Structure formats: structure tokens, C-alpha cells
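In: sequence first, predicted model second:
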Protein chains: 2
Amino acid sequence: MKKDVVCIYSGGMDSFTLVNEAQHEGVLHSCLSFDYGQRHVKELQYAARWCESYGVPHHVIDLRSLTPHLLGSSLTDNVPMPEGHYAEDNMKLTVVPSRNTIMLAVASAYAVSHKLAAVRYGAHAGDHTIYPDCREEYVSAMNTVTLLANWHRVRIEAPYLEMTKVGILERGFELGLDYAQSWTCYKGGELACGKCGSCQERLEAFAHWNEKDPLEYAV
Amino acid sequence: MKKDVVCIYSGGMDSFTLVNEAQHEGVLHSCLSFDYGQRHVKELQYAARWCESYGVPHHVIDLRSLTPHLLGSSLTDNVPMPEGHYAEDNMKLTVVPSRNTIMLAVASAYAVSHKLAAVRYGAHAGDHTIYPDCREEYVSAMNTVTLLANWHRVRIEAPYLEMTKVGILERGFELGLDYAQSWTCYKGGELACGKCGSCQERLEAFAHWNEKDPLEYAV
């Protein structure tokens, strides 16, 4: 098996499962995380820790210089973070414009430089209604772009595209993963808040399997 | 006419013509330049000067933090700059991986933030053999991506896609443009070198129309 896949690794439970699967398959070359000034920069520390413990090269790409140009998102702006369930109107506030296109473009440049075959990211079905750039038609179009954009052809892979967080968690249980090593909360507290849409989705997925989330929560 | 187009403006003769046309049409909202650590950062000063003189908002997006990840290009690396004609093998050295995808992704995010209709860039037929991300099939795929990626739909426009530098220059002459306000040289000298592939292409385009390039050259 050739190590020719780079994973976009936020540190959250989806990408945590993604990198573990790629590592399990023996194809993981390296991981990229993106710092675009998000409040939940803490998840990047979780990504760094995992990579270090497995000896996987990890690069944090600093996109904070873009932040002034990426307006209209509570992930980076000084507008209140919505609480409660991932209701559509609520969570549209957390959309950074073209975020996945920017991350996939940079990751594909990295993949070309290192002569890798593919970029993987953790887009999943639970995000379809909120994030247009987590949908099948988008991933397919972006795959076409990255195959065409350079002499060295790079694929875009989103293996969880038709799965929900519940299915992703099942995959992780099969691999025996310890989800205390992943961070999901969109707020920047010492402990996960347990209240934001992201925490609630995570807790619901664990509840679905009658499992206790090993991560410590503030509530 | 609504000012709802943002142009990617390097400061070179192609994008110089592009922004002047958009300004002439009355649709130019603003210009973006990208600093990715290229040697010809001088062209950015030309872009800034034009925008200032026309009162057009201009933002230089700092992508230098990406440079360590964009290997294999003499535009940013410490490898010798190829001289002579834009021969294919020679100029492949100047390819920054996924460069247009990164710039168009960031520009589309900016366009979404400002509710603009389109991003324009100066891809042209003369670049087709060297830069895969200046071809029709690429532009079409990237247009699909940016239409799909956000709730606010943004088009990618490349009006010079089927034109050469000769045709672009003709367009500029029709508009009465002063090309001394554009900078093409890939080297970082006080005067344009007149020898690199980029300078030679430019000089050949002027020669085609029996016109003298108003820019001062070292040779």
C-alpha cells in the first residue's frame, strides 16, 4: 500500500475517524489543518496531538490573513454564536464562504507538490442542508477541477458523503477509536460546552448507539 | 450597470486590460491581488497604483504562509529562473500548483461576502499549453464549483480565454490604454529584463502591431 493520501484534519470527530481509517488502510501520507481564525482553534491541538502520537506529518496552514475578507460568519466574526440545535437558519451563520473550496485548493497544491494521489475530507450527509460545499454535486465538481488543474492529477475523496454522524461513529467503533481524542465544540472553552449545535449533534450520535461520549463536558 | 464584478489583478498586461475593460463597462466593484511570495511582487505595486488612481477598492491577499507548501516552482523557490522563449519545458518550472484554483476560491469567498455576481480573471489562449488551469474545460469546471459552493451563486468569467496576448493588446489599444502602467517581467529588477519568457511574449505582441512598448527595459 502506498502512502499517497493527504487528509484534511480539523480535529473533530468526523475527520478524526477519517484519518484513523486512512491510517488503518496504510495510505495516510500526512494531514493538513487550517487556521482561518475560527474560535474553535482548540480542535487543531487535538489534530496535532494525534499526528504526533502516530508519527504522521502534520501541517497547520495559516489562512488568518484571509479572515478580514471572509465576512458574514460567526465562526470568525464577533457575532453571537447560535446555541441549540443545528437548525438551518441558525447554523447558516456559521458558514465561511467557499471554505471547502479554499481548503481543497490548498490541499491539492500540497498533494501536487508531494506527488500524492488524493485529498480526503470529512464531508458528510448531516451537513448537506447547511453547507452546499458538502454535497455530492459539489465534491464531484471539485474533483473535476483538481484533476484538470495541474499536470499531476489529484483526486478529491469524501468517503462519508452519504453517511451521517451516526454512521461515522459506527465506523469509528468498529476501529476501536477513543473519541476523547477528538474535539467537536464550536465554542472556545476549556471543556466542550455540550450546548452548541456541533456538541448536540455529537451527543445525539453517541446516544443513538447507547454509548457514553468519553469527552468531558461543561454541562 | 451594477458594480458587481471583482477582478483578479496581478498588474500584468492581461489583467491590466481586464480591469480597464470592466471599469469601462461600469461593472468593476473591486480588485484583488495575491502575494504568494512571487519574485515579481513589483507588479502588485502597478496594480495598487492603477486602483488608487481610479478610486477602485484594492485588496492584496497575503498567501505567503502557503509558500512553504507550494514547492516545485521557480516563481517562489530558489531555483534559477528560465530565460528565453516560453518553451513548454522551460516554463513548466514557473507553475505554482493549483494557483488559479486557490486564487479563484479566495476571490469567490470575497464575492460571496460582498454579494457580487462574478469573479473575472485574465486566463488566455497563450497559456493553454503551459498552464492547465487557464483552459476552457478548467474554467468551466471551476465555474460549476463556485456556483455550487455557496448559497449566493458566483460566476467565474475568463473573457480572454480564446484570445492570445496579441488579441488582448488589440483590445487595449481600442480602449486607448497606456501599457506603461502594467508590469510583466517575472524577474524582480528595477527595469523589466526584456529577456524572460514573459517579457518576450509581451514584446512580441507589441511587435505584431508595429507598436513600441512604452515600458522601459533593461536591454
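Out: It's in. Numbers count the residues shown, from 1 in each chain, chains lettered A, B, ... in the order given.

In: parallel or antiparallel, list what pairs with the longest strand along chain A.
Out: Ranked by residue count under DSSP state E, the longest strand found in chain A is strand A:28-35. Sheet pairing of strand A:28-35 (DSSP bridges) gives strand A:5-8 (parallel), strand A:58-62 (parallel).

In: same question for the first one, mean pLDDT?
Out: Model confidence over strand A:5-8 averages 98 on the pLDDT scale.

In: just the angle for the helix or strand that it is followed by relative to strand A:28-35, thanks.
Out: Using DSSP states H and E, the helix or strand that follows strand A:5-8 in sequence is helix A:13-25. Inter-element angle recorded for helix A:13-25 and strand A:28-35: 160 degrees (by axes from the mean of the first three to the mean of the last three Cα atoms, to 10 degrees).

In: so what touches helix A:13-25?
Out: A:1, A:5, A:7-9, A:28, A:31, A:46-47, A:50, A:54, A:56, A:120-122, A:124, A:159-160, A:165, A:168-169, A:171-172, A:175, A:177, A:179, A:181-182, A:184, A:202, A:205 (Cβ atoms under 8 Å, 6 or more residues apart in numbering or on different chains). No exception for glycine: its C-beta is placed from N, CA and C like everyone else's.

In: repeat that for 6 Å
Out: Here helix A:13-25 makes contact (Cβ atoms under 6 Å, 6 or more residues apart in numbering or on different chains) with A:5, A:7, A:9, A:28, A:31, A:122, A:124, A:168, A:171-172, A:175, A:177, A:179, A:182, A:184, A:202.

In: tell me how far that helix lies from the chain's centre.
Out: 11 Å (Cα atoms, centre = their mean, to the nearest Å).

In: mind listing what's buried in that helix?
Out: A:Met13, A:Asp14, A:Ser15, A:Phe16, A:Thr17, A:Leu18, A:Val19, A:Asn20, A:Glu21, A:Ala22, A:Gln23 (16 or more other Cβ atoms under 10 Å in any protein chain shown).

In: residues from chain A in reach of chain B?
Out: With Cβ under 6 Å from any Cβ of the partner chain as the criterion, chain A meets chain B at residues A:62, A:65, A:69-72, A:97-98, A:101-102, A:105-106, A:108-110, A:112-113, A:132-133, A:137-138, A:141-142, A:144-145, A:148-150.

In: show me which of the residues you listed are buried.
Out: For the residues of chain A next to chain B, buried by 16+ other Cβ under 10 Å: A:62, A:65, A:69-70, A:72, A:97-98, A:101-102, A:105-106, A:108-110, A:112-113, A:132-133, A:138, A:141-142, A:144-145, A:148-150.

In: so which of those residues sit within strands?
Out: Mapping those onto strands (DSSP E) picks out A:Asp62.

In: least confident secondary structure element in chain A?
Out: The helix or strand of chain A with the lowest confidence, counting by mean pLDDT, DSSP states H and E, is helix A:88-92 at a mean of 44.

In: any stretches of chain A with poor pLDDT?
Out: A:38-40, A:69-95 (pLDDT under 70).

In: nearest to A:Cys196 among the contacts of helix A:13-25?
Out: Among the contacts of helix A:13-25, A:Thr184 lies closest to A:Cys196 (Cβ to Cβ), at 8.8 Å.

In: in which helix or strand does the closest one reside?
Out: Using DSSP H and E, no helix or strand contains A:Thr184.

In: residue contacts, it?
Out: A:Gly12, A:Met13, A:Ser198, A:Arg202.

In: chain neighbours aside, what residue packs nearest to the last one?
Out: Taking Cβ to Cβ, 6 or more residues apart in numbering or on different chains, and ignoring the residues beside it in sequence, A:Arg202 has A:Thr184 as its nearest neighbour in space, at 4.6 Å.

In: cool, and the third one?
Out: The shortest distance from A:Ser198 to any residue that is not its chain neighbour, by Cβ to Cβ, 6+ apart, is 4.6 Å, and that residue is A:Tyr186.

In: now do the residue nearest to A:Ala180 when sequence neighbours are not counted against chain B, distance only.
Out: Leaving out its chain neighbours, the residue that sits closest to A:Ala180 by Cβ to Cβ, 6+ apart is A:Pro214, at 4.0 Å. Separation of A:Pro214 from chain B (Cβ to the nearest Cβ, to the nearest Å) stands at 34 Å.

In: give me the three-state assignment for A:Pro214.
Out: Three-state assignment for A:Pro214 (DSSP: H, G, I helix; E, B strand; the rest coil): coil.

In: that one: neighbouring residues, count only.
Out: Neighbour count of A:Pro214, defined by other Cβ atoms under 10 Å in any protein chain shown: 11.

In: quick one: it from A:Asp178, how far?
Out: 6 Å (Cβ to Cβ, to the nearest Å).

In: for stretch A:24-34, buried residues please.
Out: A:Val27, A:Leu28, A:His29, A:Ser30, A:Cys31, A:Leu32, A:Ser33, A:Phe34.

In: hey, where'd the helices end up in chain A?
Out: A:13-25, A:42-54, A:88-92, A:99-113, A:136-149, A:165-174, A:197-208 (DSSP state H).

In: in CSV: those helices, plus distance to A:His128.
Out: Formatted as CSV, these follow (distance: least, Cβ to Cβ, whole Å):
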stretch, distance to A:His128
helix A:13-25, 13
helix A:42-54, 22
helix A:88-92, 11
helix A:99-113, 13
helix A:136-149, 8
helix A:165-174, 12
helix A:197-208, 13
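
In: now for these, which one comes closest to B:Cys193?
Out: Among the helices of chain A, if distance is taken as Cβ to Cβ, the winner is helix A:99-113, at 27.3 Å.

In: now do that closest one: everything it contacts.
Out: A:6, A:8, A:32, A:34, A:61, A:119, A:133, A:142, A:146, A:150, A:152, A:154, A:156, B:69-72, B:97-98, B:101-102, B:105-106, B:149.

In: what residues are up against the residue of chain A positioned farthest from its centre?
Out: Distance from the C-alpha centroid of chain A peaks at A:Trp151, with 27.3 Å (Cα atoms, centre = their mean). Contacts for A:Trp151 (Cβ under 6 Å, 6+ apart) come out as none.

In: try it again with 7 Å
Out: B:Pro132 (Cβ atoms under 7 Å, 6 or more residues apart in numbering or on different chains).

In: re the thing from before, of all the strands paired with strand A:28-35, which one is nearest B:Asn210?
Out: Across those, closest to B:Asn210 is strand A:58-62 (Cβ to Cβ), at 48.3 Å.

In: much appreciated, bye for now.
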